[in-house]
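Participant: A predicted structure for the sequence below; I have some questions about it.
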Protein chains: 2
Amino acid sequence: MVTKHELEGLPEDADLRRADSLAREIFSDVANKWALLIIEALGEGTLRFSEIRKQVEGVSHKMLTQNLRMLERNGLVDREVHPTVPPRVEYTLTESGRALRVTVDAICGWTHAHLGHIEDARRRFDTA
Amino acid sequence: MVTKHELEGLPEDADLRRADSLAREIFSDVANKWALLIIEALGEGTLRFSEIRKQVEGVSHKMLTQNLRMLERNGLVDREVHPTVPPRVEYTLTESGRALRVTVDAICGWTHAHLGHIEDARRRFDTA
DNA sequence: CAGTATCCCTCTAGATACTG
DNA sequence: CAGTATCTAGAGGGATACTG
């Protein structure tokens, strides 16, 4: 990923280049705070728009819709609309979304495991 | 992580709350495109400022310094200044940085593994 | 309730120039 | 070469109001 173009210069792999830039784009989509927090919130279950909004503390209405659309577009979440009134819209991770979620969990785990180290590092840095 | 405050309301765990908000903050620092790409670029090795800049395609001088400072402050990268002229500054992941790198690798792996699915999903979404 | 559209302002991030 | 500072345009994102 974000490959260093080991193959750069070979004229025949425009395909690889394309895949590369696509990977970049997806990485940029996904590697952002709100997207990851939404994925984490969905977890294994199914949540309504308003429920996600509660769980992902601090997310605005706008950011939530934007990111949900993006995740849906990339096939990470499934959006099911129940044509009732009032409407009920449920979001669920797709298989690929759940696969990504595992890595998000790993980041969360890393964060907690290193809280202490990080606090120390900050203190050292800030006093210097 | 980004816990849903299962313990919310109990007055005695201001500590947990603090740790929680710290975790949030760290998550926000780290869950951003440039930070992750820099960590990925550093890998197991040691790179100079200008070398990182080459590897992380598209990063501006400013963004690179900003993110390197942030990563240094959080104890993810080690910054070594050689007092020569011209100056030589080398960056290396710390142990905690390398631990996080593993998860970044996982995200990259995920990206490549799901490129096809994602392209399909996008096509479907965009034509609808 | 969920979603879209509009306004508006902040703050990000690029470009440029300058120092050790 | 690496880093800091300044200026500035423009995207990001909040608040609000309106629709199905």
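Facilitator: Noted; the coordinates are in hand.

Participant: Any idea how many residues pack against the residue in chain A that DNA strand D sits nearest to?
Facilitator: Closest approach between chain A and DNA strand D, counting by CB to the nearest atom of the strand: residue A:60, at 2.9 Å. For the C-beta atoms, the positions are set from N, CA and C on the backbone; glycine is no exception. Taking other CB atoms under 10 Å in any protein chain shown as the criterion, the count of residues near residue A:60 is 10.

Participant: Would you list the phi and psi of it?
Facilitator: As for residue A:60, its main-chain torsions (degrees, to the nearest 10) stand at phi -80, psi 160.

Participant: Likewise for residue A:81?
Facilitator: phi -100, psi 120.

Participant: so it makes contact with residue A:72?
Facilitator: No: using CB atoms under 8 Å, residue A:81 is not in contact with residue A:72, being 11.4 Å away.

Participant: what about those two, which has more around it?
Facilitator: Shown here are residue A:81 and residue A:72; by other CB under 10 Å, residue A:72 has more neighbours (17 against 9).

Participant: For that one, which non-adjacent residue is spatially closest?
Facilitator: For residue A:72, ignoring the flanking residues on the chain, the nearest one in space by CB to CB, 6 or more residues apart in numbering or on different chains is residue A:79 at 5.1 Å.

Participant: Please identify which helix or strand holds residue A:38.
Facilitator: helix A:33-42 (DSSP states H and E).

Participant: Residue A:54 too?
Facilitator: For residue A:54, the host element (DSSP H and E) is helix A:49-55.

Participant: ok, and does that helix reach over to chain B?
Facilitator: Yes: judged by CB under 8 Å from any CB of the partner chain, helix A:49-55 comes into contact with chain B at residue A:55.

Participant: now do stretch A:84-98
Facilitator: Yes: counting by CB under 8 Å from any CB, chain B has neighbours in stretch A:84-98: residue A:96.

Participant: tell me the contacts of the closest residue to residue A:52 other than its chain neighbours?
Facilitator: Leaving aside its sequence neighbours, residue A:52 sits nearest to residue A:41 (CB to CB, 6+ apart; 5.6 Å). With contact set as CB atoms under 8 Å, 6 or more residues apart in numbering or on different chains, residue A:41 has these partners: A:47, A:52, A:55-56, B:2.

Participant: All set now, cheers.
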